[in-house]
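Undergrad: sequence and computational prediction follow.
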Amino acid sequence: MADVTATGGTITYREAVAEGIAREMRRDPTVVCLGEDIGAAEGVFKTTVGLFKEFGPRRVWDTPISEQAIVGAAMGAAMTGIRPVAEIMFSDFLACCWDYLANEIPKVRYMTGGQVTVPLVVRTANGGGLGFGAQHSQAVENWALAVPGLKVVAPSTPADVIGLMAASIRSDDPVVFFEHKGLFASKGPAAPEGHVVPLGAAAVVRPGADVTLVALASTVPVALRAAETVAAEGIDAEVVDLRCLVPLDMHTVLDSVGRTSRLVIVEENPYQGGWGATVASIVADEGFESLDAPVRRVAAACVPLPFADSLEQVVLPTADKVAAEVRRLAAY
Amino acid sequence: MTAPADQLTGAATELLGWYEQMAVIRGTEKAAQDLFLAGLVKGTTHLAAGQEAVAVGVSAALRADDYVFATYRGHHHAIARGASPEACLAELMSRATGLCKAKGGSMHLTKADAGMLGSYAIVGSHLPMAVGAAWSATLRGTDQVAVAFFGDGATNIGAFHEALNLAAVWRLPVVFVCENNLYMEYTPIASVTAVPNPAADRAPAYRLPAELIDGNDVVVVRDAAARAVDRARTGGGPTVVEARTYRHFGHSRTDPGTYRPAEEVREWLARDPLAVARDRLSRLGVPDDVVSTVDGRVAELVAAAVSAAKAAPPADPAEALTDVWADGGAQWRT
Ligand SMILES: Cc1ncc(C[n+]2csc(CCOP(=O)(O)OP(=O)(O)O)c2C)c(N)n1
Ligand SMILES: [Mg+2]
């Protein structure tokens, strides 16, 4: 884990993952981690650094390459008094255990008439921008959003990683926790001890009067850069970091749109079936009177993620693409 | 009644108890079939008539705090772990008094307060869950054991292999019980499986001990389960038990099972687990009328369960929007 005091009060997103988990493991002995290479090797993304050293092999378990067994075992353990934190190395690999995230974990409480709870976290490295190609780069938060019964968390800052990790591990409901690969090296203020960010509370990370940008995880810095660009042109953009897709804080979004009358949604998952469509539909339904312009969605193109940087930039949302949409809406 | 239970030997009394449990399951399954044919049970059923000895025999080897995970063919496991026929039938009939408040149905019977942690309808999915429950027991420092019941067909899905390997590597207190009823749906298991004994022959690949047993003899099942459970409880790790058995009804709903050779059906019906148990009871000196008394009591219990389930109120529509989250609600947004 990061020595928070020694880093002058800043911490990387990557270090925040391990720090967030460690804080919960210290306060609750039933929190146990499992995943591939997370123990002595400290994770392929180094997001579990220090955990094995501090908590040992009874709390941090290396597993075989068995995504179904990892998540299925986490489910069985969660139903019987443990709070497992399971790592699926790349979010693309969620497809290998999708049965558990689509059919088992989110449904077992409901279909048993409330007889069981499943307090677990499935953490996973999500998203593109690093040239890992089509099978190691996808932003798949919309997959999880498509399944009633999962809480869906995707932090954008180190402090939120810690605060949302605390809330996710303490949640009695199953959480899919998307850690963005492109943000691992980013730095931010360290979170104070005991920092908890409740699930389902979006943050207005940049106030503004002219247009609302709704973003999540990697697209928060993209939206903030776009907001800086258009600010120089006299357009005052507000940026909302959703933090979670479930619970979805539409109250904050609708409140913001009520003030700005314009909405751009910035999402990394493909336009086709992306989470922005859900946000847009609720705004169309419940915020129609507030709108002075169409809702725009800047999402990934509907193709597999290409490998080359130059091609990836064509597919993914960028600050330039967002700024262009903001200008169009401001001029509408 | 001429021979009261207190004049029977311990073994006879024990077996009579298992016989009664099996008879309750058989009666409930027959009632479920009748109710389905009468249109009072919607959707589907996968009846376990013929496979009662596996549920009752294993259950007899378990403690109240052990865990059980079953499949969509799981009525027998729910009842063996203490679910009442009335609550099961009410669930099948979409009644408010159903075991899962009519939100699960036949394929998802669950009695969590008796350690029966669910019936799962994605083939093989619950084997890793049982591994997780066993892992949880070791993490919490208890000596609880977890059991996964599954069909022969489930041995060809990846989750089976991932579960056996992880359980073996972590040496967990889990018992894998395959109910080999020779068919996966309408396909003979032998025609789609590389080994003759789908579960037992795979166990050596994970260096797990396996027992291939007669799943229609409750005493044989109980003894094999006791060995496996004892091994699990005392740190010896997982065991695979493959119990050969046969279903008396079709795969589901009204399947007449015509893909099964008549001679095979005849042979297996002659080896009905209830008949096998009656034979053993008689050899233990239990008079016929004692067994008949049990049969009568079971018939009354099942008839009363059917009446009560029929008389129960339908599921409350408000229930559709509860129990998604731990707070009891279904709210997903602000
Ligand atoms: C993953 C999956 N594939 C297919 C099915 C459809 N299906 C339901 S039961 C069944 C046969 C299972 O056979 P077996 O495991 O032998 O259990 P049995 O029904 O004989 O008890 C199949 C193919 C399913 N429910 N889940
Ligand atoms: Mg079968």
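TA: Perfect, thanks for sending it. Residues are numbered from 1 along each chain as shown, chains lettered A, B, ... in the order given. Ligands and ions are numbered 1, 2, ... in the order given.

Undergrad: quick one: low-confidence ranges for the chain?
TA: In the absence of a named chain, chain A is used. Within chain A, the set of residues satisfying pLDDT under 70 comprises A:1-8.

Undergrad: to clarify, I was referring to chain B.
TA: Across chain B, the stretches falling below the confidence threshold (pLDDT under 70) are B:1-6.

Undergrad: how about the strands in it?
TA: Listed from the start of the chain, chain B has strands (DSSP state E) covering B:67-71, B:116-120, B:146-151, B:174-180, B:183-184, B:187-188, B:210-214, B:239-244.

Undergrad: count the neighbours of the residue nearest to A:Ala301 when sequence neighbours are not counted for me.
TA: Sequence neighbours aside, A:Val315 is the residue nearest to A:Ala301 in space, at 4.5 Å (criterion: Cβ to Cβ, 6 or more residues apart in numbering or on different chains). Every C-beta, even on glycine, is put in place using the N, C-alpha and C of the backbone. Other residues within reach of A:Val315, judged by other Cβ atoms under 10 Å in any protein chain shown, total 19.

Undergrad: and the residue of chain A found nearest ligand 2, what does it touch?
TA: Among residues of chain A, the one nearest ligand 2 by Cβ to the ion turns out to be A:Asp99. It sits 19.5 Å away. Taking Cβ atoms under 8 Å, 6 or more residues apart in numbering or on different chains, we find A:Asp99 in contact with A:68, B:122, B:125, B:159.

Undergrad: what helix or strand does it sit in?
TA: Mapping A:Asp99 onto the secondary structure by DSSP states H and E places it in helix A:98-99.

Undergrad: now the helix or strand following that helix: buried residues?
TA: Heading C-terminal from helix A:98-99, the first helix or strand you meet, by DSSP H and E, is helix A:108-111. When neighbours are counted by 16 or more other Cβ atoms under 10 Å in any protein chain shown, the buried residues of helix A:108-111 are found to be A:108-111.

Undergrad: all helices for chain B, in order.
TA: Taking DSSP state H to define them, one finds helices in chain B at B:10-37, B:52-60, B:75-80, B:85-92, B:126-139, B:158-169, B:218-233, B:262-270, B:273-283, B:288-311.

Undergrad: from start to finish, how long is stretch A:257-276 in a straight line?
TA: For stretch A:257-276, the separation between the terminal residues is 14 Å (Cα to Cα, to the nearest Å).

Undergrad: how about it: buried residues?
TA: A:257, A:260-270, A:274-276.

Undergrad: check whether that stretch comes near chain B.
TA: No: if you take Cβ under 8 Å from any Cβ of the partner chain as the test, stretch A:257-276 misses chain B, and the best it gets is 11.8 Å.

Undergrad: cool, stretch A:109-129 as well?
TA: Yes: in terms of Cβ under 8 Å from any Cβ, part of stretch A:109-129 sits within range of chain B, namely A:109-117, A:119.

Undergrad: kindly report the same for stretch A:48-63.
TA: Yes: when contact is scored as Cβ under 8 Å from any Cβ, part of stretch A:48-63 falls within range of chain B: A:58, A:61, A:63.

Undergrad: out of the strands of chain B, which comes closest to chain A?
TA: strand B:116-120 (5.7 Å; Cβ to the nearest Cβ).

Undergrad: so who does the residue in chain B that ligand 1 sits nearest to touch?
TA: Closest residue of chain B to ligand 1, Cβ to the nearest ligand atom: B:Gly151 (2.1 Å). Under the criterion of Cβ under 8 Å, 6+ apart, the contact partners of B:Gly151 comprise B:71, B:73, B:123, B:178-181, B:184.

Undergrad: what do you get for B:Ala205?
TA: Not one residue lies near B:Ala205 by Cβ under 8 Å, 6+ apart.

Undergrad: quick one on the thing from earlier: tabulate the buried residues of helix A:108-111 (TSV), appending distance to B:Thr234.
TA: Output for the buried residues of helix A:108-111, formatted as TSV (distance: Cβ to Cβ, whole Å):
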residue	distance to B:Thr234
A:Val108	30
A:Arg109	33
A:Tyr110	37
A:Met111	35
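
Undergrad: nearest to ligand 1, of the residues you listed?
TA: In terms of Cβ to the nearest ligand atom, no member of the buried residues of helix A:108-111 lies closer to ligand 1 than A:Met111, at 14.3 Å.

Undergrad: out of the contacts of A:Asp99, which two sit at the greatest distance?
TA: Taking every pair in these and measuring Cβ to Cβ, the maximum separation is 10.6 Å, between A:Gln68 and B:Ile122.

Undergrad: so for those two, which sits in the more crowded spot?
TA: Here A:Gln68 and B:Ile122 are set side by side on neighbour count (other Cβ under 10 Å), and the busier one is A:Gln68, at 25 against 16.

Undergrad: which stretch of helix or strand covers the more buried one?
TA: Here A:Gln68, judged by DSSP H and E, is contained in helix A:67-78.

Undergrad: would that helix count as contacting chain B?
TA: Yes: residues of helix A:67-78 contacting chain B under Cβ under 8 Å from any Cβ: A:68-69, A:71-78.
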